[in-house]
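Peer 1: starting from these lines, generate the structure:
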Amino acid sequence: MDTLKNYFLKHHQWVINVVLFISIGQFIYRETQIYKIFKELNFIDITFFISSLVFLTVILIRRNYQKVDTYWSHWLVATVSFFSNMYFIKTNPEAGIIVNIANVISLLALLIGLAALLSLGRSFGIVPAIRVVKTGGAYRFVRHPMYLSDIITKIPLVMKYLNVYNVAIFIIAIVLYVLRIHFEEQLLREFPEYQKYIKKVRYRFIPYIY
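Peer 2: Presented below is the predicted three-dimensional model:
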């Protein structure tokens, strides 16, 4: 038991990465239905699948944190917001032009997310933690482009599967992301480089608004 405990303490970040890779990977596999998207050549689904592969790769090879937030409530907010796409109910889908508009928004969200992910590289994380301050790429425009992508990704889900429950999940997710940003920036402000960065990039994840 002590040997197992010591191994986890020494390699816990790698263990967590593998667990996340498996849990998120099975969700992506279920959502994309790989055997269909390449047969039907659905551009948006294929784009989502490719960006998901990049995302999973980053999870496996991400660098260890220098410091991590220790408040359980902050972890809860970060985890629930991160997995919030799983909470939507996909029944009674809309049809026609609404779906076409939703697909365009989905593509926009994927492109923003992919740009943010490539800019973030191995510094990706879920719970508030300090790895490396990123200021280039997509991070030149807003401080949390990945969260912007996550929010935009939810809009097509509400449009395609419009009901009171999904609208409520969407509103709750936005509130959680605002809290997540607040908690994360509390920690990041310990970096002098980040203090300079927030003076240069004013907006958190919605340009000219927030």
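
Peer 1: got phi/psi on residue 68?
Peer 2: Dihedral angles of residue 68 (phi, psi; degrees, to the nearest 10) stand at phi -130, psi 150.

Peer 1: identify the residue nearest it in space, chain neighbours excluded?
Peer 2: residue 129 (4.1 Å; C-beta to C-beta, 6 or more residues apart in numbering). Glycine gets a C-beta too; all of them are placed from N, C-alpha and C.

Peer 1: number of nearby residues for the one you found?
Peer 2: 18 (other C-beta atoms under 10 Å).

Peer 1: what sits against it?
Peer 2: By C-beta atoms under 8 Å, 6 or more residues apart in numbering, residue 129 lies in contact with 65-69, 187.

Peer 1: before we move on, what about residue 58?
Peer 2: So residue 58 contacts 117, 120-122, 124 (C-beta under 8 Å, 6+ apart).

Peer 1: again, 7 Å this time
Peer 2: 117, 121-122, 124 (C-beta atoms under 7 Å, 6 or more residues apart in numbering).

Peer 1: is it possible to get CSV of these that adds secondary structure and pLDDT?
Peer 2: Converted to CSV, the contacts of residue 58 look like this (DSSP: H, G, I helix; E, B strand; the rest coil; pLDDT from 0 to 100):
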residue, secondary structure, pLDDT
117, helix, 84
121, helix, 79
122, helix, 76
124, coil, 78
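
Peer 1: past the helix or strand harbouring residue 180, which element shows up next along the chain?
Peer 2: Using DSSP states H and E, residue 180 sits within helix 164-188. Downstream of helix 164-188, the first helix or strand assigned by DSSP H and E is helix 192-200.

Peer 1: buried subset of the contacts of residue 58, written for ChimeraX?
Peer 2: Burial among these is assessed by 16 or more other C-beta atoms under 10 Å; the matching ChimeraX selection reads:
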select :117,124
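
Peer 1: of the contacts of residue 58, which is the nearest to residue 135?
Peer 2: Closest approach to residue 135 among those (C-beta to C-beta): residue 121, at 12.5 Å.
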